[in-house]
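when you get a sec, could you give me coordinates for this:
(2 chains)
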Amino acid sequence: MFFGKQGSGVKQQMKNTGQRTRAKHGGSSKLGSSLKDNLDKLKTDLHNSSDLEIRPIGSQLAPEVPMTAVYIGELTDETTLNEYILRPLMSTILRTEARNEKLVHIILERVVEVGAAYITTDIDECIQRLLDGYCLLLVQGAACGLLIHISNMEGRQVSEPTAETVLRGPQQSFNENIGTNINLVRQIIRSPSLHIDSLQVGSETRTQVALLYLDDVAEPEIVNTIRSRIEALQISSVLESGYIESLIQDRIYTPFPTMKNTERPDAIAGGILEGQIAIMVDGSPFVLLAPVTLFQLFHTPEDYYNRFDIASFLRLIRFTAFFISMTLPALYIAVTTFHQEMLPTTLLITLAAQREGIPFPGLVEALLMELTFEVLREAGVRMPRAIGPAISIVGALVLGQAAVEAGIVSAGMVMVVSFTAICNFVIPQLNIAISARLIRFTFMLLAGVFGFIGIVSGILTVLIHLAGLESFGMPYMSPIAPFDWSKMKDNFIRAPMKYLLKQKAGNVINRRSKQE
Amino acid sequence: MMQVKAQIGKFQLAIMILLFLIGNTPLLKPPGQLKQDSWIALLIGAAFGSLYLWMLLVIQRRSPDSDLAELYQQLFGKWLGFALAFPQGLFFAYEASRNIRDFSDLTAMTILSRTPEWSIKLLMVMLSLYAVWGGTRVLFRLAELLFPIVVLGYLLIIVLLIQAGLPDFHRLQPIMSDGIGPILKVVFPDFTAFPFAQILTMLVFWKYVKPSAAIGKITYRAYTMTALFSIFMHMLVMSVLGPGLNEYSTIPFLQAVQLIQLANFLERLDVVVTVLIIIGLFIKLSLLFMAAALTLSSLLKIPYRTCAVVLAPIIYGVCFLEPNHSVHQWIGFHIVIRYLIPAQMLLMTVAFLVGFFRKGKKSSKAS
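From the prediction side, this is the model:
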C-alpha cells in the first residue's frame, strides 16, 4: 500500500487507517443519525469489550436531545472527562435551538474545554480514536461524532540513559512514549524546518511511527525511500523499533547494522542536524537513525562535547578495540598453532611454558573460553539483579583462576579472552559490538584451519561484504570507499569544532540554494 | 552521495591501477643476467609500457562506451573479432589462475608448509568469486578499502629497512658496466610485458569511469607512480641484498625484509610482507577474473555472474596443471612473457592501426 508521498501528520494517517479497516470489514462505515444504531455498531466493532464505557448525558444545552459519551475507561483520564467535558455539558446555562450536526458544532466550539477535539463522520476513525484514548461524544440526530482527546497512557518519566552513558553531556534519555520523545527532540532543535511525519504500522498494534528530519538538510530521496518502505510494511504487530529496523534495512543477510539506534535525544538531534533521518516507534525508547556509515556507529555524542584531541584519540581507540575484539583470539590461535616463529623468542618460551600440560589444541582452548565468556555475559544480562555478585564470583574465580590452576586452559588464553571482551565493551553501539562477536568465531575457525592466511581471507571477506553494503542508498564504508576527503575530518578523528561547524553550515546553504 | 550502479570514480580508478600493477611486484624477480642494472631495464620497460598505454588510451577514446569485447568486434568485424576476443577472455582467466598458483606456492614456501595446497587455492578462488559476484563497483570500492593497508605496510617496511641501515647503494654500482647493449637486448619483452603490459586489463573497465574525460590523465599518473614505485622497491631490495644474493633467493623482497631486526622485538616482519602480497595478489586475481567474466559475458550475451560461476572451477582446475613451482616460473618467463603477452601487444598495435585507417577513411568520406 503506497500512500501519498508528502503525507503530513495525523489526517493523512487517519485516512490510511480508514482504508485499511474498511477493506477488512466491508460495508458502510459512516455514522448514522440514530444514536442507538451508532452505539450498537460501536459495541459490535469493539466486540462488546467490558471496558467500553457508555455514559448517557442530559445537557442544559438542549434538554430533550439524548447525548452519550463513549470511551474506554482504562485508557482515559477520569479527571479531564469529569472536569472539562461532563461538567461544562451538564451545568451550562447556554441554551440553543440548533439541532443535529449544528448542535455538535456548538458543543465543540462553546462547551467542551479540551484543546485536542474534532468532528468526524467516519466510524472506523472513531473506533481507532477510542483505542487511542479519546472520548467520543454522540448526539441523537447528528450523523457525526465529536472526538475529544483525554487519553492517559501509563508510562514512566524521562530518566537517565542506561545503555549509553556519558561523562559529559545531557543526562536524559527517551522513554516509551512517542509524544515525550518528539518533545525531547523539539526541545533541542527549535527549527521550523524540523519535519515530523507520522505513520501507522501494524494491523493489530496500530503503532505510531514518526520520521523526524530537517527538511532542508536531509536527502529527499532517502526520506522517500524510508517512508515508502515503512508504508509498504504488511505486518500485524510492532513491539519495538527493532521490528522496523530489520524490516526496512537494505540487506537482511548481513552481520552489520545499517541503522544506528540510540536512547539519547542529543545523539538523535545531532544526527538530524547532519541530515540523517530519525525513526521513532511508539513503545520503544530506542530511536533509529539512518542512513549511517560503519564509522558513524563508533561515534558518540560525547565526541563533540570533549576537546577535539581527546575525542579523536578516543575514537581511534574504539576503532582499534573493534579490530582487536574481532581478531585477537584468532591471532592467538594462528600464532600458537602455525606461526610460532613470528613471536620474539622470550615471549615464545613463556607461552610455550604456559601451554605445557594443556590438554587441548589452541583452537579448542580458545573456543572453550570464548563460549564460556559468552555464556557468562548472557547470564549477566538475564539474571535478576540480586544474584549478580554470585555470577561475578563464579565467573572470575572459578572459571578464570581455577581453570588456569587446574591446567585446563593457559593463563595467556584467559588474558586474551578477557582483553577481547573488554575491547568489545568499548564499542558504543551494542549492535555493532554483537557483529564483532559473531565474526570473531568465524575468524577463530579460519585461523584454526588456515592460520594467518585464514584470518587475512576472513578479513578480506568482511571487507568485500562491507564494500557492497549500503544504508538506504548510501555506501556503508562511505568516506573511505568511495573516498571523500571532506568527510574525513569527522570520521576516524574529530577535527576542531571550528572546521566542523563551518562544514555543516555549508551543507545547509548548498541544499537551500539547490532547492531555490 | 547516491551512486549509480557500476560507475567508477576517478580516484577509484587511480587506486585500482596502483594496486593492480603493484600487485605481485614484490614477487617479481627479473631474469638475473643484468645483475645490479636490472632497474635500468625496468625503467626502459616502463617507458615502453607507457607507449603501449598511450595506444590503448587512443583505442579507448575512439569509442569510449565500449569494453574490450565490443572493441575487438568493432575493429575486426563480427566473427574475427569474436575469434580474437574469446581467447583474450580466457587469457585473463588464465592469468588469474597463475596468480592463485603464485599465491599457493608462496604460502607453501613461507608460512603454511603443511596445509594442503588444494584447500588454499580453493579458499582464494571462493574469495575472489565472492568479490566478483559483488560486481565492478564492489571491486573498486574494495581496492579503496585495501589501499591504506598497502600504503602503511610498504611505508613500515621501507622505514624499517632504512632505519636498520640495510640498504647500501654501492651495491648498485657499477652502473652499466657492460654498456647499454645487454640491457636493451632483454628489455623487450622481458621487462615490458610484466607487469606493465598488464595495463591492458583496464580496457575492460575504462568505460565505467566517470567523468570519462579524466581517464587519460588519471591513468598516466597512476601508471607513472606505479612504475617509479616498482623501480624504487627493486633498487631498494637490490641495494640490501646485492646482485649475488638477489640471484639466489626465491623471493628477494621477503629475503630483504627478513634481515630487519628492531630492538630484539620486531624480528619477523614476514607477516607484513605476506599480507601485502596476499592483498596485491588478491586484487590482481579478482580484477583479472572480473575482466574475464565481463569480456565473456559481453561476447556471449549472458550475465557476468553466470560467466564467473562457470569460470571459477576452470580457474581452480588450471592452477593444478603445473607440477611444481619451477615449471610454473619457467612457463611464466618463457611462454607467457615471451610469447603470449607480446602477441597480445601486437594485436592491440594492429587494432590501433586498423582504427587509424578506418578513421582516415571515415574522415576522407566525410570531407
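
can you get me a residue count around the residue nearest to A:A403 when sequence neighbours are not counted?
Closest residue to A:A403 apart from its sequence neighbours, by CB to CB, 6 or more residues apart in numbering or on different chains: A:V409 at 5.0 Å. C-beta here means a position set from N, CA and C on the backbone, and glycine is covered the same way. Neighbour count for A:V409, taken as other CB atoms under 10 Å in any protein chain shown: 24.

helix, strand or coil for A:V409?
Using DSSP: H, G, I helix; E, B strand; the rest coil, the secondary structure recorded for A:V409 is coil.

can you check the one 10 residues further on too?
Under the three-state scheme (three-state DSSP), the conformation of A:F419 reads as helix.

just checking, it touches A:I324?
Yes - contact criterion CB atoms under 8 Å: A:F419 and A:I324 qualify, at 7.3 Å.

neighbour count: these two, which is higher?
When A:F419 and A:I324 are compared for neighbours, A:I324 comes out ahead with 20 against 15, by other CB under 10 Å.

how close does the more buried one get to A:L331?
Going from A:I324 to A:L331 by CB to CB, to the nearest Å gives 9 Å.

which intervals of the chain have sub-threshold pLDDT?
Let's take chain A. Low-confidence segments of chain A, defined by pLDDT under 70, span residues A:1-28, A:502-516.

my question was about chain B
B:1-6, B:28, B:30-33, B:263-267, B:360-367.

just give the nearest non-adjacent residue to A:V416, would you?
Closest to A:V416 by CB to CB, 6+ apart is A:Y332, at 4.8 Å.

ok, A:G357 touching A:A406?
No - the criterion here is CB under 8 Å, and A:G357 misses it with A:A406 at 10.3 Å.

who's in contact with A:R440?
A:325-327, A:329-330, A:370, A:420 (CB atoms under 8 Å, 6 or more residues apart in numbering or on different chains).

take those and keep only those in helices.
For those, the ones inside helices are A:325-327, A:329-330, A:370, A:420, with DSSP state H as the criterion.

tell me, how many residues neighbour A:C144?
20.

which ones are touching it?
Contacts of A:C144 by CB under 8 Å, 6+ apart are A:31, A:101, A:104, A:119-121.

next, format these as JSON lines and append distance to chain B.
Shown next, in JSON lines, are the contacts of A:C144 (distance: CB to the nearest CB, whole Å):
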{"residue": "A:L31", "distance to chain B": "47"}
{"residue": "A:E101", "distance to chain B": "51"}
{"residue": "A:V104", "distance to chain B": "50"}
{"residue": "A:I119", "distance to chain B": "44"}
{"residue": "A:T120", "distance to chain B": "41"}
{"residue": "A:T121", "distance to chain B": "44"}
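
and the residues you listed, which are buried?
By neighbour count, with 16 or more other CB atoms under 10 Å in any protein chain shown, the contacts of A:C144 hold A:31, A:101, A:104, A:120 as buried.

where's the third one, which helix or strand?
Here A:V104 is covered by helix A:100-106, with elements defined by DSSP states H and E.

how about the strands of the chain, start to end?
With no chain named, the answer covers chain A. Applying DSSP state E to chain A gives strands spanning A:52-57, A:67-72, A:117-120, A:134-139, A:145-149, A:194-201, A:207-214, A:260-262, A:277-281, A:287-290, A:470-471, A:474-475.

for the third one, name the packing helices and strands.
Applying 3 or more CB pairs under 8 Å, 6 or more residues apart in numbering or on different chains; DSSP states H and E, one finds that strand A:117-120 makes contact with strand A:145-149.

also the second one?
With contacts defined as 3+ CB pairs under 8 Å, 6+ apart, the secondary structure elements packing on strand A:67-72 are helix A:35-45, strand A:52-57, helix A:123-131, strand A:134-139.

nearest to chain B, out of those?
With CB to the nearest CB as the criterion, chain B lies closest to helix A:123-131 of the helices and strands packed on strand A:67-72, at 37.2 Å.

the contacts of A:R440, buried ones only, as a PyMOL selection?
In PyMOL, a selection of the buried entries from those looks like this (16+ other CB under 10 Å):
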select buried, chain A and resi 325+326+327+329+330+370+420
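
tell me which of the contacts of A:R440 is nearest to chain B?
A:T327 (12.4 Å).

tell me the contacts of the closest one?
Counted by CB under 8 Å, 6+ apart, A:T327 has contacts A:440, A:443, A:455, A:459.

pick out the residue of the stretch 201-350 of chain A closest to chain B.
At 4.7 Å from chain B, A:M342 is the closest residue in the stretch 201-350 of chain A, using CB to the nearest CB.

show me what contacts that residue?
A:335, B:268, B:270-271.

so which bits of chain A are right by chain B?
A:219, A:221, A:338-339, A:341-344, A:449-454, A:456-457, A:460-461, A:463-464, A:466-468, A:473-475, A:477, A:480-483 (CB under 8 Å from any CB of the partner chain).

and the longest helix for chain B?
Every helix in chain B considered (DSSP H), the longest is helix B:215-248.

do that helix and chain A meet at all?
No - figure legend: helix B:215-248 not in contact with chain A (CB under 8 Å from any CB); closest approach 13.4 Å.

next, the buried residues of that helix.
B:215-216, B:218-219, B:222-223, B:226-227, B:230-231, B:233-241, B:245-246.

next, count neighbours for residue 199.
Because you didn't say which chain, this covers chain A. 22.

chain B is the one I meant
Neighbours of B:I199 under the rule other CB under 10 Å: 21.

check contacts around it.
B:17, B:21, B:49, B:52-53, B:56, B:219, B:223.

closest to B:I314 out of these?
Closest approach between the contacts of B:I199 and B:I314, by CB to CB: B:L21, at 25.1 Å.

quick one, what contacts the closest one?
B:195-196, B:198-199, B:222-223, B:226-227, B:230.

related to what we said a few turns ago, quick one: buried ones out of the residues of chain A next to chain B?
Counted by 16+ other CB under 10 Å, the residues of chain A next to chain B give A:219, A:338-339, A:342-343, A:449-454, A:456-457, A:460-461, A:463-464, A:466-468, A:474-475, A:477, A:480-483 as buried.

what's the helix holding A:V104 in contact with?
With CB under 8 Å, 6+ apart as the criterion, helix A:100-106 contacts A:33, A:61-62, A:65, A:96, A:98, A:119, A:137, A:139, A:141-146.

if we can go back for a sec, how about the contacts of A:M342 in CSV, adding neighbour count and secondary structure?
Formatted as CSV, the contacts of A:M342 follow (neighbours: other CB atoms under 10 Å in any protein chain shown; DSSP: H, G, I helix; E, B strand; the rest coil):
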residue, neighbour count, secondary structure
A:V335, 21, helix
B:R268, 17, coil
B:D270, 18, helix
B:V271, 18, helix
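
closest one to A:A390 out of those, please.
The closest of the contacts of A:M342, once distances to A:A390 are taken by CB to CB, is A:V335, at 35.6 Å.

spatially nearest residue to that closest one, not counting backbone neighbours?
A:M342 (5.8 Å).

gap between that neighbour and A:A330?
14 Å.

give me the buried positions along stretch A:212-227.
A:212-214, A:216-219, A:222-223, A:225-227.

need these in CSV with distance to A:M383, can you?
Listed next are these as CSV, based on distance: CB to CB, whole Å:
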residue, distance to A:M383
A:L212, 36
A:Y213, 40
A:L214, 43
A:D216, 49
A:V217, 44
A:A218, 42
A:E219, 44
A:I222, 41
A:V223, 42
A:T225, 41
A:I226, 38
A:R227, 41
